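Undergrad: Dropping the sequence and predicted coords here.
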Amino acid sequence: FLKKMGQGTYGIVWQVRQKLPGNGASGPSTREKRAGALRVVKKLKKQNSNVTPKMMQAEIDMLIKLNHPHIIKVYEYYEDFEYVSIVQDLCEGGELLETI
């Protein structure tokens, strides 16, 4: 984690840098071209969530499949007993409510 960007009722948001993969002989893949990019990890505490695990899984799956220039890209997620951690694009520029 590079730095803590915020914290709220449901969890913490951390700024991270995508790890660089090992060097391949066939040249860089699409994933490797994105390597080193700034991302955020939303670490959501399960017990604070008001949605069922099934609903949360369905929403994460849908967000991973979405590919639209006006929707933040979700790349992957990790889950343990206490947290769901979602890796997504870093969206800079401040709070959306302040911009509106």
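TA: Yep, that arrived. Numbering: from 1, shown residues only.

Undergrad: could you give the mean pLDDT of the helix or strand hosting residue 16?
TA: Residue 16 is part of strand 11-17, with elements assigned from DSSP states H and E. Averaging pLDDT along strand 11-17 yields 93.

Undergrad: Which neighbouring elements make contact with it?
TA: Under the contact criterion of 3 or more CB pairs under 8 Å, 6 or more residues apart in numbering; DSSP states H and E, strand 11-17 touches strand 3-7, strand 38-45. Every residue, glycine included, has its C-beta placed from N, CA and C.

Undergrad: helices and strands of this protein: which one bottoms out on pLDDT?
TA: Lowest on mean pLDDT, DSSP states H and E among the helices and strands of the chain sits helix 30-34, with a mean of 53.

Undergrad: Kindly confirm my reading that residue 77 is in a helix.
TA: No: counting by DSSP: H, G, I helix; E, B strand; the rest coil, residue 77 is located in no helix; its state is strand.

Undergrad: so what's it up against?
TA: Counting by CB atoms under 8 Å, 6 or more residues apart in numbering, residue 77 touches 60, 64, 84, 85, 86, 87.

Undergrad: quick one: residue 45 from residue 2, how far?
TA: 21 Å (CB to CB, to the nearest Å).

Undergrad: And for residue 80?
TA: Distance, residue 80 to residue 2, using CB to CB: 21 Å.

Undergrad: Out of those two, name the residue with the larger neighbour count.
TA: For residue 80 versus residue 2, neighbours defined as other CB atoms under 10 Å are more numerous around residue 2 (11 against 8).

Undergrad: what pairs with the residue nearest to the more buried one when sequence neighbours are not counted across the strands?
TA: Leaving aside its sequence neighbours, residue 2 sits nearest to residue 15 (CB to CB, 6 or more residues apart in numbering; 4.6 Å). Under DSSP bridges, the beta-bridge partners of residue 15 are residue 3, residue 40.

Undergrad: how about residue 15, what does it touch?
TA: Applying CB under 8 Å, 6+ apart to residue 15 gives the contacts 1, 2, 3, 4, 5, 38, 39, 40, 90.

Undergrad: If I look at the last one, what pLDDT would I see?
TA: The one in question is residue 90. As predicted, residue 90 sits at a pLDDT of 90.

Undergrad: Good, we can wrap up now.
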